[in-house]
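Colleague: Following is a predicted model, sequence given first.
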Amino acid sequence: MNRRHFLRSTVGAAVAAAMPSGAAALQHSLTTVSSSIVGRSADGQEITLEKAALEELEGALRGKLFLAGSDGYDASRRVLNPGIDKYPALVVQPSGATDVSTAVTFAMERSLLVAVKCGGHSFSGRSTCNGGMQIDLSMMRGARIDRAGKRAFVEGGSLLGDLDHESMAQGLVTTAGTVSHTGVGGLSLGGGFGRLARKYGLTLDNIKSVDIVSADGVLRRASAEENPDLYWGVRGGGGNFGVVTSFEFGLHEMDRTVIAGDVVFPTDRARDVFRFYADYSREAPDELSLDLIMSAPPAGNPGAVIMHAVYSGDHANAESVLAPIKKLGEPLANTIGPVDYVALQRSWDNSDPRHGGDYLKSGFVADIDDAQIDAIVDGFEADPERATTFFYQQSGGAINRVAEDATAFANRNAINSPAVIVAWNSGADPEPHIGYIRSYWSTIEKFTDGFYTNVGDYETQARVNKNYRGNYQRLVEIKDRYDPGNLFRLNANVRPSAAGG
């Protein structure tokens with residue numbers, strides 16, 4: 001450790017010791033570094049992280065450093081899906097942008113594998129890693145609303161519920177997913193579908209600026225006026241270019257009460273419901289979000305087919321907009337009515353399949369025809385040992401009216417995103433369930449064009465590159481500028497030229 005860092009650490013320790021215990025804890029939480037540890041580089045090689053270097057890192061942070069065995073390590077490394085159980089060599093919990101810069105610089109200088117965790121929702125587990133550094137943003141949460149300017153300023157580790165709670169209290173809103181404990185960072189940078197996306201665009205379409213720490217450890221602001229190439233790239237390029245420490249979102253006036261609910265039919269009506277949905281969803285106004293879910297819980301439950309409707313337009317028009325649903329006849333249940341939007345945004349929190357083991361496949365479709373419906377209905381199988389779900393998340397509307405090259409998000413032609421999910425109890429053998437869902441998806445995939453990077457499993461690099469469509473080469477150029485060593489690779493990776501992108 002050099003003299004400057006030694007003095008800074010010593011003075012910091014003396015100041016902390018003079019503080020009341022609570023204040024000292026707020027300033028810093030010490031982890032005892034007892035020895036050097038073995039980590040893993042980005043290319044999979046073992047590297048030694050020297051005790052002195054770890055002590056220097058710990059002393060430079062205002063936030064927390066966790067090593068294996070220290071209090072807080074296990075809680076921090078975990079992600080939502082308990083089927084993903086990885087062990088980073090170290091976890092940094094930054095308290096702000098300076099800590100993020102410190103962590104990124106430490107990792108970059110050692111070519112250390114890096115994972116960034118916001119809400120921990122990554123289906124494929126890319127917000128954690130084995131042997132590398134996990135940057136856990138959970139201490140960086142909060143949203144501030146500028147009512148007059150219709151702006152939200154949101155810390156990089158915030159959850160969607162933080163944004164909805166603060167903005168809706170001011171009569172303002174922006175598109176923000178469907179599960180309130182989703183991380184703002186992962187959702188926004190990869191796309192951001194949700195109950196208002198057809199009306200207001202994707203979450204990323206509402207980003208006005210970001211503060212981001214790139215691979216060189218420099219904190220930059222990216223907007224239409226400042227670093228516009230980076231601003232373009234982060235809106236659809238995911239975490240490829242750095243760690244976003246704060247977001248600025250544009251907000252929209254909206255009534256807090258929406259007309260929403262579920263219309264439920266038995267699974268033996270599936271084909272009729274799907275065909276109705278194909279026509280009805282295509283003609284729906286932007287103010288109507290309509291998702292279709294076919295689900296079979298475990299334990300032999302016969303399941304159901306559910307249309308989840310959310311109408312955020314003028315309440316006086318809701319009845320006529322939703323009237324066509326009556327053509328399907330009497331449902332098992334119909335819960336559509338006035339609902340508090342913030343409560344609606346929390347309503348799926350406990351049903352998220354990642355609370356158990358899960359596996360997902362998804363894509364985009366530009367149409368829904370009879371052959372596609374037949375493949376979906378015929379291949380769907382209930383099983384007493386697993387929960388099986390097919391769903392369409394509606395796209396279209398304002399999403400489609402943005403040009404493919406206006407942001408890095410290129411899948412603007414989609415009208416729907418089909419997905420299949422299988423979930424099993426923790427401790428069960430996952431292979432039979434994963435095998436089934438892969439086989440099932442293979443009958444549906446031929447109807448798709450591209451996939452949503454926020455939930456994809458990125459099977460091959462060629463598939464990832466193709467998914468960025470005409471935006472791919474521009475993304476490589478931005479990657480070359482801001483992350484030429486591919487430090488940020490645990491994502492739908494844009495490989496820099498030096499790595500044979």
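Modeller: Nice, thanks for sending it over.
Colleague: what's next to stretch 405-413, contact-wise?
Modeller: 190-191, 202, 204-205, 232-237, 364, 366, 399-400, 402-404, 449-450, 452, 467-471, 474-475 (CB atoms under 8 Å, 6 or more residues apart in numbering). Yep, even glycine has a C-beta here, placed from its N, CA and C like the rest.
Colleague: 6 Å - rerun?
Modeller: With CB atoms under 6 Å, 6 or more residues apart in numbering as the test, stretch 405-413 has contacts from 191, 233, 235-237, 364, 366, 400, 402, 404, 450, 468-469, 471, 475.
Colleague: again with stretch 118-130
Modeller: For stretch 118-130, with CB under 6 Å, 6+ apart as the criterion, the contacting residues are 77, 79-80, 84, 86-88, 113, 115, 117, 134, 137, 157, 159, 181-183, 185-186, 360, 455, 457, 490.
Colleague: Could you tell me the end-to-end distance of it?
Modeller: From its first residue to its last, stretch 118-130 covers 17 Å (CA to CA, to the nearest Å).
Colleague: in the stretch 51-200 of the chain, which spans are strands?
Modeller: For the stretch 51-200 of the chain, the strands defined by DSSP state E, counting those that start in this stretch cover 64-67, 90-93, 114-117, 133-136, 143-146, 151-155, 172-173.
Colleague: Next, the buried residues of stretch 189-199.
Modeller: Judged by neighbour count using 16 or more other CB atoms under 10 Å, the buried positions of stretch 189-199 are 189, 190, 191, 192, 193, 194, 195, 196, 197, 198, 199.
Colleague: Among those residues, find me the one that's closest to residue 62.
Modeller: Nearest to residue 62 out of the buried residues of stretch 189-199 is residue 189 (CB to CB; 24.9 Å).
Colleague: Thought residue 238 was touching that closest one, still the case?
Modeller: Yes. Contact criterion CB atoms under 6 Å: residue 189 and residue 238 qualify, at 4.9 Å.
Colleague: Can you list the low-confidence ranges for the stretch 401-501 of the chain?
Modeller: 501 (pLDDT under 70).
Colleague: is it fair to say residue 47 lies in a strand?
Modeller: Yes. Judged by DSSP: H, G, I helix; E, B strand; the rest coil, residue 47 forms part of a strand.
Colleague: does residue 257 have beta-bridge partners, and which?
Modeller: Here residue 257 shows beta-bridge partners residue 340, assigned using DSSP bridges.
Colleague: In this structure residue 388 contacts residue 298, no?
Modeller: No. Residue 388 is beyond contact range of residue 298, at 8.7 Å (criterion: CB under 6 Å).
Colleague: Identify the residue spatially nearest to residue 441, adjacent ones excluded.
Modeller: Once flanking residues are discounted, residue 441 sits nearest to residue 361: 3.9 Å by CB to CB, 6 or more residues apart in numbering.
Colleague: tell me the mean pLDDT over the strand or helix carrying that neighbour?
Modeller: For residue 361, the host element (DSSP states H and E) is strand 357-362. For strand 357-362, the mean pLDDT works out to 85.
Colleague: which strands and helices sit next to that strand?
Modeller: Judged by 3 or more CB pairs under 6 Å, 6 or more residues apart in numbering; DSSP states H and E, the packing partners of strand 357-362 are strand 416-424, helix 431-444.
Colleague: Measure how the shortest one sits relative to strand 357-362, angle-wise.
Modeller: Going by axes from the mean of the first three to the mean of the last three CA atoms, to 10 degrees, strand 416-424 is angled at 160 degrees with respect to strand 357-362.
Colleague: Can you work out which other helices and strands pack against strand 416-424?
Modeller: Using 3+ CB pairs under 6 Å, 6+ apart, strand 416-424 is in contact with strand 357-362, strand 387-394, helix 431-444.
Colleague: What residues of it count as buried?
Modeller: Applying 16+ other CB under 10 Å to strand 416-424 flags 416, 417, 418, 419, 420, 421, 422, 423, 424 as buried.
Colleague: I'd assumed residue 364 was in contact with the fourth one.
Modeller: What that stands for is residue 419. No. The criterion here is CB under 6 Å, and residue 419 misses it with residue 364 at 10.2 Å.
Colleague: now residue 272: how far from residue 328?
Modeller: Distance from residue 272 to residue 328, counting by CB to CB, to the nearest Å: 7 Å.
Colleague: just residue 495 next, same as before
Modeller: Separation of residue 495 from residue 328 (CB to CB): 48 Å.
Colleague: Repeat that for residue 340.
Modeller: For residue 340, the distance to residue 328 equals 27 Å [CB to CB].
Colleague: The two: which is more packed in?
Modeller: Comparing residue 340 with residue 328 by other CB atoms under 10 Å, the one with more neighbours is residue 328, at 17 against 14.
Colleague: per-residue confidence at that one?
Modeller: Looking at residue 328, its pLDDT reads 96.
Colleague: ok, now how distant is the nearest residue to it once chain neighbours are set aside from residue 367?
Modeller: Spatially, and ignoring its direct neighbours in sequence, residue 328 is nearest to residue 276 (5.7 Å; CB to CB, 6+ apart). Remark: distance between residue 276 and residue 367 (CB to CB) = 15 Å.
Colleague: between these two, which one's more packed in?
Modeller: The residue with more neighbours, out of residue 276 and residue 367, is residue 276; 18 against 13, by other CB under 10 Å.
Colleague: That one - that's part of a helix, no?
Modeller: Yes. Under three-state DSSP, residue 276 sits within a helix.
Colleague: which phi and psi does residue 233 have?
Modeller: As for residue 233, its main-chain torsions (degrees, to the nearest 10) stand at phi -70, psi -40.
Colleague: How many residues are close by it?
Modeller: Counted with other CB under 10 Å, residue 233 comes out at 28.
Colleague: and what of residue 282?
Modeller: Residue 282 has 13 neighbours, counted by other CB under 10 Å.
Colleague: now swap in the one 4 residues further on and tell me
Modeller: Residue 286: 18 surrounding residues under other CB under 10 Å.
Colleague: need the contact list for it.
Modeller: When contacts are counted by CB under 6 Å, 6+ apart, residue 286 touches 198, 199, 397, 398.
Colleague: ok, now residue 471?
Modeller: 408, 410.
Colleague: ok, it to residue 225 distance?
Modeller: Applying CB to CB, the value for residue 471 to residue 225 is 21 Å.
Colleague: sorry, back to before: the contacts of stretch 405-413 in helices, which ones?
Modeller: For the contacts of stretch 405-413, membership in helices holds for 233, 235, 236, 237, 475, with DSSP state H as the criterion.
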